[in-house]
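J.: quick one: sequence and predicted model below, then my questions.
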Amino acid sequence: MKLGIDISERTVSRMMPKKKVPPSQTWKTFLDNHLKDLVSIDFFTVPTATFRVLFVMIILAHQRRRVIHFNVTEHPTASWTAEQMVQAFPENTAPRFLVRDRDSIYGKHFRDRVPSLGIEEVITAPRSPWQNPLAVRIIGSIRRECLDHVVVLDEKHLKRILTCYLRYYHKARTHLSLEKDAPEPREIQPPNLGPVVAVPEVGGLHHRYERRAA
């Protein structure tokens with residue numbers, strides 16, 4: 001039925017739904033393609049028994065889910081955070097990319113120091129923690145598997161707890177993404193080594209299992 005209205009072909013083309021062109025590379029593709037070259041940095045807070053708030057910084061390597069470096073402070077600054085990067089990557093061991101969020105802790109001193117190490121910053125979108133998924137996961141694991149079960153007394157106590165947990169995390173805790181291996185690959189123990197025994201870790205919160213001669 002004609003309505004007596006002439007509409008040009010160009011007008012019609014503008015009104016037609018347009019097919020969205022996907023970006024040349026999705027965020028997940030970028031993370032997957034540069035797995036060996038990526039590390040993430042993030043902070044989380046821990047309250048103490050005396051109601052102080054401590055800040056924990058972690059630097060995580062994507063390839064084997066290893067925590068390369070961590071430290072604790074009550075007063076984090078851009079200068080302190082930049083110094084942690086220097087300690088984490090001495091003598092030309094720096095990765096190619098560093099994934100981080102837009103927290104103000106990464107101030108000018110940090111932004112000036114990181115490129116001098118040969119590292120390119122990859123900054124996530126605002127309010128998008130899913131773009132730094134491995135850092136979010138390790139922080140969640142630390143809370144659920146360790147810190148939710150202890151009362152932290154002070155900075156020194158927290159460092160000792162985290163050192164103990166990360167020793168277990170690297171040598172015994174399995175990951176599906178690592179084919180149920182730990183960040184530090186474990187040797188396969190044949191049955192002739194003896195029965196399986198449980199070895200307490202992290203003050204008995206967790207156990208690792210290995211074969212030992214009777």
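T.: Okay, I see it.
J.: count of neighbours near residue 98?
T.: When counting by other Cβ atoms under 10 Å, one arrives at 22 neighbours for residue 98. For glycine as for every other residue, the C-beta is placed from the backbone atoms N, C-alpha and C.
J.: check contacts around residue 174.
T.: Taking Cβ atoms under 8 Å, 6 or more residues apart in numbering as the contact definition, residue 174 lies against 180, 181, 182.
J.: scan those and report the most crowded one.
T.: Neighbour-wise, those (other Cβ under 10 Å) top out at residue 182, 19 neighbours.
J.: tell me how far that residue lies from residue 206.
T.: To residue 206, residue 182 is 12 Å away according to Cβ to Cβ, to the nearest Å.
J.: spell out which residues are contacts of both of the two.
T.: 172, 173.
J.: name the secondary structure element that contains the most centrally placed residue in the chain.
T.: Nearest to the geometric centre of the chain sits residue 135, at 1.9 Å (Cα atoms, centre = their mean). Element membership for residue 135 (DSSP states H and E) is helix 133-145.
J.: now the helix or strand following that helix: average pLDDT?
T.: Per DSSP H and E, the first helix or strand lying C-terminal to helix 133-145 is helix 155-171. Mean pLDDT, computed over helix 155-171, is 97.
J.: pLDDT value on residue 23, please?
T.: pLDDT, residue 23: 55.
J.: which parts of this protein are strands?
T.: Assigned by DSSP state E, the strands in the chain fall at 38-47, 53-61, 66-73, 97-100, 120-123, 196-201, 206-211.
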